[in-house]
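Peer 1: fold the following.
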Amino acid sequence: MSRGEAAVVEQNYGEVFTRRWVVDALLDLTEYKVERDLGGLTLVDPSAGTGAFLLAAVERLLDSAAAHGRGWETLGPAIRAWELQARNATECRQALRSVLVNRGVTPATAADLAEAWVVEGDFLLPDDDLISVGSGTVEADVVVGNPPYIRLEDVPPALAADYRRRWPTMGGRADIYVGFIERSLSILRPEGRVGFICADRWMRNQYGAGLRRLVSGRYSVDAAWVMHDVDAFEAQVSAYPAITVLRRGEQRAVIAADTTADFNPGSATELVKWSQHDNTAEFASTGVAAYRLPHWFPGEESWPTGSPGRLRLIEHLNDHFHPLHDASTGTKVSIGVATGADKVFVTTETDAVEPDRLLPLSMVRDLASGEFQWSGHYLVDPWAPDGKLVELERYPRLKTYLETSGAGIKDRHVAKRSPHAWYRTIDKVDHSLTKRPKLLIQDMRASIHPVLEPGGHYPHHNVYYVVSAKWEMEVLGGLLLSRIAQAFIEAYCVRMRGGTLRFQSQYLKRIRVPSPDSISGDTADALRTAFQRRDVDAATIAAAAAYQIDLQDFDLD
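Peer 2: Numbers count the residues shown, from 1 in each chain. Got it, this is the predicted structure:
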């Protein structure tokens with residue numbers, strides 16, 4: 001048994017039991033198999049609970065010892081398991097003694113082994129003397145388990161600070177399983193493996209950036225099985241679980257698997273067998289589809305998610321094309337102006353201030369039809385073309401308008417920070433942007449929806465925009481309308497309730513595009529026409545031609 005979700009509140013650890021078939025899959029994936037001389041290895045379980053992973057591992061260890069002629073009394077260094085709760089540690093040792101005695105180990109030797117194997121303590125506050133190898137540092141060939149899923153804000157502040165000091169990847173609002181992964185990686189011998197079932201949020205969220213950077217720089221991702229809907233635990237939890245296997249070694253091919261609620265023990269066995277004994281690229285069985293990716297995704301930025309076909313598409317495009325946001329083509333992705341007080345700075349009244357202090361503003365509602373239809377909103381603009389605030393004395397109507405707004409703008413943080421500039425908007429206005437053609441993209445939609453604003457309007461902060469020095473905007477609009485661009489957003493972005501996606505600049509920038517010069521005239525015409533007609537299917541076909549890919553090779557349904 002091992003701890004899944006938990007909360008450190010008056011020692012309530014919220015234990016969750018891991019199903020045996022999940023344990024067996026992880027032991028297989030980390031190569032903890034009977035045919036190896038397991039007695040010569042060291043397996044670590046960092047959060048043993050009452051023994052779900054440990055008991056299964058010991059059964060394999062005993063079978064391996066018998067096959068390789070090892071005496072029971074030599075197995076003391078083969079396993080170390082940490083358990084924070086005394087009650088669980090005691091129960092785990094009792095279960096181990098029973099297993100050992102039932103296999104013919106003497107009661108005295110069984111007691112010695114159980115005592116040596118189970119350490120009552122905190123894995124994140126290590127004592128290197130607990131495993132003495134070489135110069136005394138902790139080393140392991142396999143680390144396996146289900147680490148606690150505990151938010152750092154639920155940990156006593158002094159303890160949380162100690163965790164962060166020891167394990168610096170626990171940044172931001174990280175859960176402590178991030179520290180468990182870092183600590184586990186740190187004790188691996190060359191080619192050693194970590195196999196965990198735990199939440200996959202660290203692969204996507206900002207708090208996982210440090211851990212992603214560590215893994216990409218020094219370790220390898222061997223397997224990533226997304227198991228959000230799988231019945232992997234004895235109790236129901238909402239933890240977005242995934243099986244992840246990491247290795248201390250050079251990055252090789254990766255098994256990416258996407259499962260459904262139908263994934264079962266038989267499917268898991270088939271998937272393990274295929275991943276380790278078959279060189280074919282694709283695999284499918286009940287409740288699972290998998291693909292053998294040539295490599296994983298580098299760096300600290302969020303790792304993509306999705307079906308194996310989608311991941312293969314993202315990997316291919318990442319390898320062969322440049323990002324949309326690219327200085328070489330003068331293409332920029334950004335967000336419109338934030339005012340900090342829209343009730344004051346956004347108006348439809350044409351006589352509210354001097355005419356040259358009204359800047360036509362493009363709003364989300366202007367994009368609804370797919371063709372830009374201005375709703376008549378203006379930005380009350382306090383900025384001069386040189387990027388400085390205008391002098392209010394030169395604009396008496398603007399001065400009166402802003403001063404009568406009272407606390408609406410003077411109580412803003414940006415105003416209090418710079419009292420002399422109390423009437424500024426949070427963001428400066430770049431007046432050169434106004435006249436440029438822009439592709440405008442609404443945040444929070446189910447699908448990507450680029451709309452051409454031909455120039456003359458400034459985007460509001462709920463609207464993201466794309467401008468380019470080299471792209472013809474309707475051709476680029478056709479690419480962004482396609483399901484290929486949609487696949488990038490779905491792979492990287494945060495999903496809201498009801499399937500709504502966040503079309504933020506950090507995700508839009510990740511979209512890969514071909515060079516504008518590489519697109520043939522016919523393909524450019526097809527993209528332009530598809531964009532004008534808002535035809536997603538035609539845009540996807542034309543985009544595939546631009547990328548020179550076969551849509552049948554990828555999952556774009």
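Peer 1: quick one: the strands in the stretch 451-557 of the chain?
Peer 2: Under the criterion DSSP state E, counting those that start in this stretch, the stretch 451-557 of the chain contains strands at 458-459, 463-467, 512-513.
Peer 1: tell me which of the ones you listed sits nearest to residue 97.
Peer 2: Residue 97 sits nearest to strand 512-513 of all the strands of the stretch 451-557 of the chain, at 57.0 Å, using C-beta to C-beta. Where you see a C-beta, it was placed from the backbone N, CA and C, and this is true even at glycine.
Peer 1: could I get the strands of the stretch 451-557 of the chain as TSV with distance to residue 321 and mean pLDDT?
Peer 2: Formatted as TSV, the strands of the stretch 451-557 of the chain follow (distance: least, C-beta to C-beta, whole Å; pLDDT from 0 to 100):
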stretch	distance to residue 321	mean pLDDT
strand 458-459	26	98
strand 463-467	16	97
strand 512-513	4	98
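Peer 1: relative to residue 405, which of these is closest?
Peer 2: For these, the distance to residue 405 is smallest for strand 458-459, at 20.2 Å, taking C-beta to C-beta.
Peer 1: follow-up on the earlier one: out of the strands of the stretch 451-557 of the chain, which is closest to residue 35?
Peer 2: Using C-beta to C-beta as the criterion, the shortest distance between residue 35 and those is 43.1 Å, found for strand 512-513.
Peer 1: quick check: next helix or strand after whichever strand or helix holds residue 113?
Peer 2: With elements taken from DSSP states H and E, the one containing residue 113 is helix 107-117. Scanning the chain past helix 107-117 towards its C-terminal end, the next helix or strand to appear is strand 118-120 (assignment: DSSP H and E).
Peer 1: contacting residues for the residue lying closest to residue 219 once chain neighbours are set aside?
Peer 2: By the measure of C-beta to C-beta, 6 or more residues apart in numbering, the closest residue to residue 219 outside its immediate chain neighbours is residue 246, 5.2 Å from it. Residues in contact with residue 246, defined by C-beta atoms under 8 Å, 6 or more residues apart in numbering, are 181, 185, 193-195, 215, 219-222.
Peer 1: save those as TSV, and put in neighbour count, distance to residue 43 and pLDDT too.
Peer 2: Listed next are the contacts of residue 246 as TSV, based on neighbours: other C-beta atoms under 10 Å; distance: C-beta to C-beta, whole Å; pLDDT from 0 to 100:
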residue	neighbour count	distance to residue 43	pLDDT
181	27	17	97
185	20	15	97
193	26	10	98
194	28	11	98
195	26	10	98
215	27	21	97
219	21	18	97
220	20	19	97
221	23	20	97
222	23	17	97
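Peer 1: out of those residues, the closest to residue 303 would be?
Peer 2: Relative to residue 303, the closest of those is residue 221; by C-beta to C-beta it sits at 8.5 Å.
Peer 1: strand partners (parallel or antiparallel) of the lengthiest strand in the chain?
Peer 2: Taking DSSP state E as the assignment, the strand of the chain that covers the most residues is strand 188-199. Applying DSSP bridges, strand 188-199 is found paired with strand 140-145 (parallel), strand 241-247 (antiparallel).
Peer 1: thought residue 254 was touching residue 221, still the case?
Peer 2: Yes - under the criterion of C-beta atoms under 8 Å, residue 221 makes contact with residue 254 at 5.3 Å.
Peer 1: which of the strands paired with strand 188-199 sits closest to residue 426?
Peer 2: In this view, these are compared for proximity to residue 426 by C-beta to C-beta, and strand 241-247 is the closest at 38.1 Å.
Peer 1: just the mean pLDDT for the closest one, thanks.
Peer 2: On average, the pLDDT along strand 241-247 is 96.
Peer 1: who does the helix or strand following that strand pair up with?
Peer 2: Past strand 241-247, heading to the C-terminal end, the next element that is a helix or strand (DSSP H and E) is strand 254-259. Looking at strand 254-259 with DSSP bridges, its paired strands and their directions are strand 220-226 (parallel), strand 288-293 (antiparallel).
Peer 1: can you tell me how far the closest residue to residue 79 other than its chain neighbours sits from residue 498?
Peer 2: Counting by C-beta to C-beta, 6+ apart, residue 79 lies nearest to residue 117, which is 4.5 Å off, once chain neighbours are set aside. Going from residue 117 to residue 498 by C-beta to C-beta, to the nearest Å gives 48 Å.
Peer 1: before we move on, back to that, pipe the contacts of residue 246 into TSV and attach distance to residue 58 per row.
Peer 2: Putting those into TSV (distance: C-beta to C-beta, whole Å) gives the following:
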residue	distance to residue 58
181	24
185	24
193	18
194	19
195	16
215	29
219	27
220	27
221	28
222	24
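Peer 1: any common contacting residues for residue 221 and residue 254?
Peer 2: A shared contact of residue 221 and residue 254, defined by C-beta under 8 Å, 6+ apart, is any residue touching both; here these are residue 296.
Peer 1: how about the residue positioned nearest the centre of the chain: what's its closest non-neighbour residue?
Peer 2: Central residue check for the chain by C-alpha atoms, centre = their mean: the C-alpha nearest the mean position is that of residue 204, 1.0 Å away. Counting by C-beta to C-beta, 6+ apart, residue 204 lies nearest to residue 302, which is 4.9 Å off, once chain neighbours are set aside.
Peer 1: do residue 272 as well
Peer 2: Residue nearest to residue 272 in three dimensions, not counting chain neighbours: residue 28, with 4.7 Å by C-beta to C-beta, 6+ apart.
Peer 1: okay, stretch 444-460 in CSV with CA atoms only?
Peer 2: Once side chains and other backbone atoms are set aside, the C-alpha atoms of stretch 444-460 remain, and they are given as CSV (Å, rounded to 0.1, in the frame of the first residue of the first chain):
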residue,chain,number,x,y,z
MET,A,444,-11.1,30.9,-23.9
ARG,A,445,-12.8,29.1,-26.7
ALA,A,446,-13.3,25.4,-27.7
SER,A,447,-11.4,26.0,-31.0
ILE,A,448,-8.9,28.4,-32.5
HIS,A,449,-10.6,31.3,-34.2
PRO,A,450,-8.3,33.8,-35.9
VAL,A,451,-9.9,36.9,-37.3
LEU,A,452,-8.2,39.5,-39.6
GLU,A,453,-8.4,43.0,-38.4
PRO,A,454,-7.1,44.9,-41.5
GLY,A,455,-5.7,47.8,-39.4
GLY,A,456,-6.9,50.9,-37.7
HIS,A,457,-7.8,49.4,-34.3
TYR,A,458,-5.9,48.6,-31.1
PRO,A,459,-6.5,45.2,-29.4
HIS,A,460,-8.1,45.0,-26.0
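Peer 1: buried ones in that stretch, by neighbour count?
Peer 2: Residues of stretch 444-460 classed as buried: 445, 448-453, 457-460 (neighbour count, 16 or more other C-beta atoms under 10 Å).
Peer 1: now the stretch 251-400 of the chain, which segments are flagged as low pLDDT?
Peer 2: The model of the stretch 251-400 of the chain has no residue with pLDDT under 70.
Peer 1: quick one: the helices in it?
Peer 2: Secondary structure of the stretch 251-400 of the chain (DSSP state H, counting those that start in this stretch): helices located at 265-277, 308-320, 342-345, 396-403.
Peer 1: can I get the shortest one in CSV, CA atoms only?
Peer 2: Once non-C-alpha atoms are left out, helix 342-345 reads as follows in CSV (Å, rounded to 0.1, in the frame of the first residue of the first chain):
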residue,chain,number,x,y,z
ASP,A,342,-11.9,49.4,-18.2
LYS,A,343,-15.0,51.2,-16.9
VAL,A,344,-13.0,54.4,-17.2
PHE,A,345,-10.6,53.8,-20.1
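Peer 1: all set, thanks.
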